[in-house]
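Asker: Got a predicted structure plus its sequence, pasted below:
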Amino acid sequence: QVQVVESGGGLVQPGGSLRLSCAASGNIFNVHTINWYRQTPGKQREFVAKITRSHDAYYADSVKGRFTISRDNAMNTGFLQMNSLKPDDTANYYCKIEVQTDTERGRVQDFWGQGTQVTVSS
């Protein structure tokens with residue numbers, strides 16, 4: 001199987017920065033797109049950013065210009081640099097990794113992490 005672990009969340013003041021990490025391990029042949037989503041209680045999970053294996057990046061309008069997504073293909077790890085944080089960015093942040101596993105190379109499967117909490121408050 002594939003394990004996905006997020007880290008880097010925490011409490012930060014408005015205007016501050018955090019860097020989230022998302023590491024994939026296990027039965028991996030190839031990691032395709034790495035995605036970040038976020039969710040607050042009572043709301044649907046929303047797309048934040050994604051990055052393809054060739055490093056093409058896409059962002060939600062709400063974070064464009066403030067967040068930067070990146071990845072290290074050798075380490076099967078993705079990153080989300082979050083600057084100029086606002087209280088509205090408070091959420092549990094989830095990573096979804098699209099993977100070809102060693103045992104099923106014919107298809108791409110989605111694997112989610114457990115999430116990391118980001119709280120922006122003074």
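Answerer: Nice, I can see it.
Asker: Report the beta-bridge partners for residue 116.
Answerer: Here residue 116 sits in beta bridges with residue 93, going by DSSP bridges.
Asker: With residue 59 instead?
Answerer: Bridge pairing for residue 59 - DSSP bridges - gives residue 49.
Asker: Tell me who's in contact with it.
Answerer: Residues counted as contacts of residue 59 (Cβ atoms under 8 Å, 6 or more residues apart in numbering) are 48-49, 67, 69. C-beta: built from backbone N, CA, C; applies to glycine.
Asker: can I get these in a markdown table with pLDDT and distance to residue 3?
Answerer: Listed next are the contacts of residue 59 as a markdown table, based on pLDDT from 0 to 100; distance: Cβ to Cβ, whole Å:
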| residue | pLDDT | distance to residue 3 |
| --- | --- | --- |
| 48 | 98 | 21 |
| 49 | 98 | 21 |
| 67 | 98 | 24 |
| 69 | 98 | 21 |
